[in-house]
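K.L.:
next input, structure requested:
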Amino acid sequence: MPLPFLLRLAIKNLPTNLLATSIAHYYVLIRIMKNHKLRAIKMGADC
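P.N.:
Numbering: from 1, shown residues only. Below you'll find the model as predicted:
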């Protein structure tokens, strides 16, 4: 498989990869925020 073909394939798939990556990061961020909020609420209840 020649390199230009792989390069073209990578460039063509770049937007999809970026989208998937950003969605994954967003999802992780939301989960972290939710966990942090829950922990903050628990701490507030403990105080």
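K.L.:
tell me which stretches of the protein form helices.
P.N.:
3-46 (DSSP state H).
K.L.:
what is the neighbour count of Tyr27?
P.N.:
For Tyr27, the neighbour count with other CB atoms under 10 Å is 10. The C-beta positions use only the backbone N, C-alpha and C, and glycine is treated the same way.
K.L.:
roughly how far apart are it and Leu14?
P.N.:
From Tyr27 across to Leu14, the span is 20 Å (CB to CB, to the nearest Å).
K.L.:
what residue ranges in this structure score low on pLDDT?
P.N.:
1, 47 (pLDDT under 70).
K.L.:
kindly recompute the last result at 90.
P.N.:
The model of the chain has pLDDT under 90 over residues 1-21, 35-47.
K.L.:
centre-most residue in it?
P.N.:
Closest to where the C-alpha atoms of the chain average out (CA atoms, centre = their mean) is His25, at 1.5 Å.
K.L.:
Leu38 and Tyr27, how far apart?
P.N.:
17 Å.
K.L.:
actually Leu6, not the one I typed
P.N.:
29 Å.
K.L.:
one more: Leu7?
P.N.:
From Leu7 to Tyr27 the distance is 30 Å (CB to CB).
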